[in-house]
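[1] Requesting a structural model of the entry that follows:
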Amino acid sequence: MSELPKEPQQDRSRATRQKLLEAAVESLAAVGYAATTVAVVAARAGVSRGAAQHHFPTRADLFAAAVEYMTEVRLAEIREQAAALPGGAGRTEAIVSMLADVYTGPLFRAALHLWVAASTEEPLRRQITSLESHVGRQAHRALLEVLEVDERTPGVRETVQGVLDMARGLGLADLLTDDSARRQRIVHHWAHLLDQSLPR
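    Sure, this is the predicted structure:
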């Protein structure tokens, strides 16, 4: 009986890294920054602490990489979901609703814990500031794509940025209490404003 081929080391390493990134976001969202240690993340991911530190030498490295990774995954999902939406009435609202889901989900909650910690920890602040700049550009570009608008058109850049800022605000409002009913009305209104203001 022949043995099954072993999983290549590179694939195992990539899978371990992904488990750690997902576990870090889950832990940050569930228990916050102070309680999310490298040991906690490693246990949640089902890997050794040494393996976690091999991939991410510092706690800040782990958290910054985790939020960046999960943000890129979620933005790719939004692009994919938006591509499957039909054109015409309702498309803009569906897109804005998907964006609001990003900012009221566990990814935003995890990022928020990092922002608060970064406000008092200088090394973390430098990493998170750089990360947020990158993530912000990615989110802006993704929203331009799915709305099918050109930011070189006067007013488009500011309008799209306003939608991202609105979504962040909805995420904050939802942090302590269930804000879904009010959020649905606001999403509907913002979608209407976008349909009126954005050139197609």
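[2] pLDDT-wise, which helix or strand of the protein ranks last?
    When each helix and strand of the chain is scored by mean pLDDT, DSSP states H and E, helix 59-84 comes last, with a mean of 84.
[3] Which parts of it count as buried, going by neighbours?
    Using 16 or more other CB atoms under 10 Å as the test for burial, helix 59-84 gives 59-60, 62-71, 74-75, 78, 82. To be clear about C-beta, it is placed using only N, CA and C from the backbone, and glycine gets the same treatment.
[4] Out of these, the closest to residue 129 would be?
    Closest approach between the buried residues of helix 59-84 and residue 129, by CB to CB: residue 64, at 10.2 Å.
[5] Kindly provide the distance from that closest one to residue 77.
    Separation of residue 64 from residue 77 (CB to CB, to the nearest Å): 21 Å.
[6] OK, contacts around the residue nearest the centre of the chain?
    Nearest to the geometric centre of the chain sits residue 71, at 3.0 Å (CA atoms, centre = their mean). For residue 71, the contact set (CB atoms under 8 Å, 6 or more residues apart in numbering) comprises 107, 111, 135, 138, 139.
[7] let's go with 10 Å and repeat that
    By CB atoms under 10 Å, 6 or more residues apart in numbering, the contact list for residue 71 reads 25, 102, 107-108, 110-111, 131-132, 134-136, 138-139, 142.
[8] Would you quantify the distance from it to residue 41?
    18 Å.
[9] Buried residues in stretch 189-200, which are they?
    Using 16+ other CB under 10 Å as the test for burial, stretch 189-200 gives 190, 191, 194, 198.
[10] got the contact list for the closest residue to the third one other than its chain neighbours?
    Of all residues beyond its chain neighbours, the one nearest residue 194 is residue 92 (5.2 Å), with distances taken as CB to CB, 6 or more residues apart in numbering. Residue 92 sits next to 85, 146-147, 163, 187, 190-195, 198, 200 when contact means CB under 10 Å, 6+ apart.
[11] Just these: which are in strands?
    Residues of the contacts of residue 92 located in strands (DSSP state E): none.
[12] Perfect, I'm done here.
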